[in-house]
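Peer 1: no FASTA, just this:
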């Protein structure tokens with residue numbers, strides 16, 4: 001085997017997450033979505049989607065998500081060069097579940113439509129933050 005071929009194979013292997021990590025990322029994304037949905041359900045009636053409270057909620061999502069991504073990388077031994085991919089996979093699971101819940105069981109987010117919409121928007125915000133931070137925290141070549 002030539003050195004060039006061997007280097008290409010090594011690079012390809014290091015760029016793959018593997019099935020076990022992908023399943024773990026999907027499960028983590030699902031668990032985090034569920035925790036976020038329940039948290040938002042509890043906070044909704046307290047005005048968290050109004051004015052400065054909503055801005056504070058959205059701002060608070062940023063550091064929490066950064067910590068979650070860092071912990072995810074450590075627990076699952078995700079190489080820093082795959083942070084963006086890993087964050088996207090976990091976020092994908094959360095977005096799929098959010099769409100299903102919002103479409104079929106919107107009461108999960110709250111009793112009133114304004115609470116349901118506020119919670120869903122917050123979950124969408126969190127998904128965008130997770131993808132953005134995954135990209136920012138990814139190792140650059």
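Peer 2: Yep, it's here. Predicted, not measured: the structure shown is a model, and the values here were computed from it.

Peer 1: what's the helix or strand hosting residue 72 packed up against?
Peer 2: Using DSSP states H and E, residue 72 maps to helix 51-76. Where contact means 3 or more Cβ pairs under 8 Å, 6 or more residues apart in numbering; DSSP states H and E, helix 51-76 is packed against helix 19-43, helix 83-104, helix 113-137. To be clear about C-beta, it is placed using only N, CA and C from the backbone, and glycine gets the same treatment.

Peer 1: name the residues of that helix that come out as buried.
Peer 2: For helix 51-76, a neighbour-count test (16 or more other Cβ atoms under 10 Å) marks 54, 57, 61, 65, 66, 68, 69, 72, 73, 76 as buried.

Peer 1: residues in contact with the fourth one?
Peer 2: The reference is to residue 65. Shown in contact with residue 65 (Cβ atoms under 8 Å, 6 or more residues apart in numbering): 126, 129, 130, 133.

Peer 1: format those residues as CSV; extra columns: pLDDT, neighbour count and distance to residue 139.
Peer 2: CSV is the format used below for these (pLDDT from 0 to 100; neighbours: other Cβ atoms under 10 Å; distance: Cβ to Cβ, whole Å):
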residue, pLDDT, neighbour count, distance to residue 139
126, 96, 25, 23
129, 98, 20, 19
130, 98, 26, 17
133, 98, 22, 14
